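Engineer: Sequence and predicted structure, then a few things I'm wondering about:
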Amino acid sequence: MKRIYTLLGIILFSFWGTYAQEANKCDVNLSLERDYLNGRRYDEALTYWNQLIKECPKHSEAVYADGIKIFKIKLKSAKKAGNLEQEKKYTNQILTLYDQWLANFPNSKNLARIYHDKGLMMLNSNTGTKEDLYNIFSKGYNLDKTKFTNPKAIYGYFDAGVTIYKDKKISFEQLISLYDNLMGSIDNSTEKYTKLMEDLQKKEDAGELMTKEAHKLKAIRKNLPVYTIVAKNMDNILGELGDCKHLVPLYKRNFDLNKDNPTWLRKAASNLSKKDCSNDPIFEKLVVQLDKIEPSYNSAYFLGILNEKHGRINTAINYYKKAINLSNKAYDKAKIYYKLARLAEKRGQKSQARTYAYKALEYKPSMGSAYLLIGRLYARSANSCGTDEFSKRATYWLAASMADKAARVDPSMAKTARKIASSYRSKAPSKTDIFMKNMGGKKITMKCWIGGSVTVPKK
């Protein structure tokens, strides 16, 4: 018996010794592969990676992440060289690696990202059917919605959803639910990157921006408007499916089933408001029910919209102010203050409109639309602010300065804002006017509701 135990011990020791050697070999090869990869020596990295994928497929998720990185670099080179055969080869290798990663690490904490990235790769390479794409993106999205932030992936997912809806593979309710969820992803991403941009712009204004932060700010300013474009494109491909004649029956049909679900009520009311369907009785029914079961910022905001639609402006204003008090989110408050500014502007209350617009900017410094509103107020006051033609037209410099600020803080409207600023300046006194009046560098006091002064350009 003792000899048997001794023999078993020798066998077990031999097994674990072999296992430890293999694991150590995998570690060594992975370390060497990553050293070459980090040094951008991709062919040498690939030599060790080939051993890893063959001998150590379950050793580390890094094997798959690194392999995908290497082949994406080779894919980029193949595209640049116009080598379609290699392009197809590397695309297929990358997609295969995603599948192997999922098979060998089914409980990975990165599952949502893997599905997301595989779907994006399929989208970029036009691989698979729309149904395949929809299913892959759905798996990633349902695992972790917070990982679904790439605007191209958001659009691709929705586009696939519209296609398979038309093929009768998902219901209209499922399509609208997808629309709601992805619009939510756009809103969350926009808010996140807008806040980051505002923080970096504060540092930029104070001269405290580091080089790395400057690059990040530049990237955000470039990419943030893409979310607005994607949202518009989603509305475009939804087309008539998203109009009142489709949405109203949907929400009427499902109201009783969802009348105690505040999330459903809120999304339904939001869609009807967005699509200008708030005149239909179902909108009031939704909003009143939402306010009954969950009085909140949203219910007060929608009640404001409802009363504004019916011409009960003072009541609407009271609800909007209530919404401000009920929200603890800065951007919610900014949205309502801007709405109040627009209402005051329509009623000819210029000073009040400006006050509300500046309140909106307190909560959202990147709200370019608020600066443009103030600029409009100034431009429309040109004939009433000044004692002569020169001082009246000087008001356009103030208006242009507001449009300049809009262009600077809000990348989504920079092009439009710059065009507006140029238009205002064309109406201000010309260089010849300034020279003839000898006004260069002088200040003109605004003796009207605007107050303050404007400095005449020297050149």
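Structural biologist: Cool, the structure landed.
Engineer: Quick one: the helices in the stretch 1-150 of the chain, in order.
Structural biologist: According to DSSP state H, counting those that start in this stretch, the stretch 1-150 of the chain carries its helices in the segments 2-38, 42-55, 62-81, 84-104, 111-125, 130-143.
Engineer: For residue 254, which of the ones you listed is the nearest?
Structural biologist: Closest to residue 254 of these is helix 130-143 (C-beta to C-beta; 21.3 Å). Any C-beta I mention is one placed from the backbone N, CA and C, and that applies to glycine too.
Engineer: For whichever helix or strand comes after that closest one, what does the pLDDT average out to?
Structural biologist: Note on helix 130-143: by DSSP states H and E, the next helix or strand toward the C-terminus is helix 151-166. With pLDDT averaged residue by residue, helix 151-166 scores 97.
Engineer: Centre of the chain to helix 151-166, how far?
Structural biologist: Offset of helix 151-166 from its chain centre (C-alpha atoms, centre = their mean, to the nearest Å): 16 Å.
Engineer: and if you look at stretch 342-362?
Structural biologist: Stretch 342-362 sits 27 Å away from the centroid of its parent chain (C-alpha atoms, centre = their mean).
Engineer: buried sites along that stretch?
Structural biologist: Neighbour-count burial for stretch 342-362, counted by 16 or more other C-beta atoms under 10 Å, picks out 342-345, 349-350, 352-354, 356-357, 359-361.
Engineer: can these go into a markdown table with extra columns for distance to residue 434 and pLDDT?
Structural biologist: Below are the buried residues of stretch 342-362 laid out as a markdown table (distance: C-beta to C-beta, whole Å; pLDDT from 0 to 100):
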| residue | distance to residue 434 | pLDDT |
| --- | --- | --- |
| 342 | 34 | 97 |
| 343 | 38 | 97 |
| 344 | 34 | 97 |
| 345 | 31 | 97 |
| 349 | 33 | 97 |
| 350 | 27 | 97 |
| 352 | 33 | 98 |
| 353 | 30 | 98 |
| 354 | 27 | 98 |
| 356 | 34 | 98 |
| 357 | 29 | 98 |
| 359 | 35 | 98 |
| 360 | 34 | 98 |
| 361 | 30 | 98 |
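Engineer: From those, which land in helices?
Structural biologist: When DSSP state H is applied, those are split such that 342-345, 350, 352-354, 356-357, 359-361 fall in helices.
Engineer: Burial-wise, tell me which of the helices of the stretch 1-150 of the chain comes out on top.
Structural biologist: Ranked by average neighbour count under the criterion mean count of other C-beta atoms under 10 Å, the helices of the stretch 1-150 of the chain are headed by helix 111-125 at a mean of 21.
Engineer: Which strands and helices lie in contact with that helix?
Structural biologist: If you count contacts as 3 or more C-beta pairs under 8 Å, 6 or more residues apart in numbering; DSSP states H and E, helix 111-125 packs onto helix 84-104, helix 130-143, helix 151-166.
Engineer: out of the ones you listed, nearest to residue 322?
Structural biologist: Across those, residue 322 has its closest neighbour in helix 151-166 (32.9 Å, C-beta to C-beta).
Engineer: can you list the helices of the stretch 1-150 of the chain in TSV and add distance to residue 437?
Structural biologist: Shown next, in TSV, are the helices of the stretch 1-150 of the chain (distance: least, C-beta to C-beta, whole Å):
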stretch	distance to residue 437
helix 2-38	65
helix 42-55	67
helix 62-81	59
helix 84-104	65
helix 111-125	60
helix 130-143	63
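Engineer: lowest-confidence stretch among those helices?
Structural biologist: Taking the mean pLDDT of the helices of the stretch 1-150 of the chain, helix 2-38 comes last: a mean of 66.
Engineer: returning to that earlier point: export the ones in helices among the buried residues of stretch 342-362 to JSON lines and tack on distance to residue 28?
Structural biologist: Output for those, formatted as JSON lines (distance: C-beta to C-beta, whole Å):
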{"residue": "342", "distance to residue 28": "66"}
{"residue": "343", "distance to residue 28": "69"}
{"residue": "344", "distance to residue 28": "71"}
{"residue": "345", "distance to residue 28": "70"}
{"residue": "350", "distance to residue 28": "74"}
{"residue": "352", "distance to residue 28": "72"}
{"residue": "353", "distance to residue 28": "69"}
{"residue": "354", "distance to residue 28": "68"}
{"residue": "356", "distance to residue 28": "66"}
{"residue": "357", "distance to residue 28": "63"}
{"residue": "359", "distance to residue 28": "62"}
{"residue": "360", "distance to residue 28": "59"}
{"residue": "361", "distance to residue 28": "58"}
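Engineer: before we move on, back to that, let me have the helices and strands packed on helix 111-125 in TSV, adding distance to residue 276 as columns.
Structural biologist: As requested, these are arranged in TSV below (distance: least, C-beta to C-beta, whole Å):
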stretch	distance to residue 276
helix 84-104	42
helix 130-143	29
helix 151-166	21
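Engineer: out of the ones in helices among the buried residues of stretch 342-362, who's nearest residue 47?
Structural biologist: Using C-beta to C-beta, those come closest to residue 47 at residue 361, 57.2 Å.
Engineer: Check the gap between that closest one and residue 331 for me.
Structural biologist: Between residue 361 and residue 331 the distance is 12 Å, computed by C-beta to C-beta, to the nearest Å.
Engineer: Helix or strand: which one has residue 391?
Structural biologist: Going by DSSP H and E, residue 391 is in helix 389-393.
Engineer: Now whatever helix or strand comes next after that helix: average pLDDT?
Structural biologist: Per DSSP H and E, the first helix or strand lying C-terminal to helix 389-393 is helix 395-409. Regarding helix 395-409, the rounded mean pLDDT is 97.
Engineer: Centre of the chain to helix 395-409, how far?
Structural biologist: Chain-centre distance of helix 395-409: 25 Å, with C-alpha atoms, centre = their mean.
Engineer: if we can go back for a sec, show me how far the helix holding residue 391 is from its chain's centre.
Structural biologist: Centroid displacement of helix 389-393 relative to its chain, using C-alpha atoms, centre = their mean, is 42 Å.
Engineer: which outside residues touch it?
Structural biologist: The contact list for helix 389-393, computed with C-beta atoms under 8 Å, 6 or more residues apart in numbering, reads 382-383, 385-386, 427-429, 433, 437, 439, 444.
Engineer: could you flag which of those residues are buried?
Structural biologist: Neighbour counting by 16+ other C-beta under 10 Å classes 382, 385-386, 428-429, 439, 444 among those as buried.
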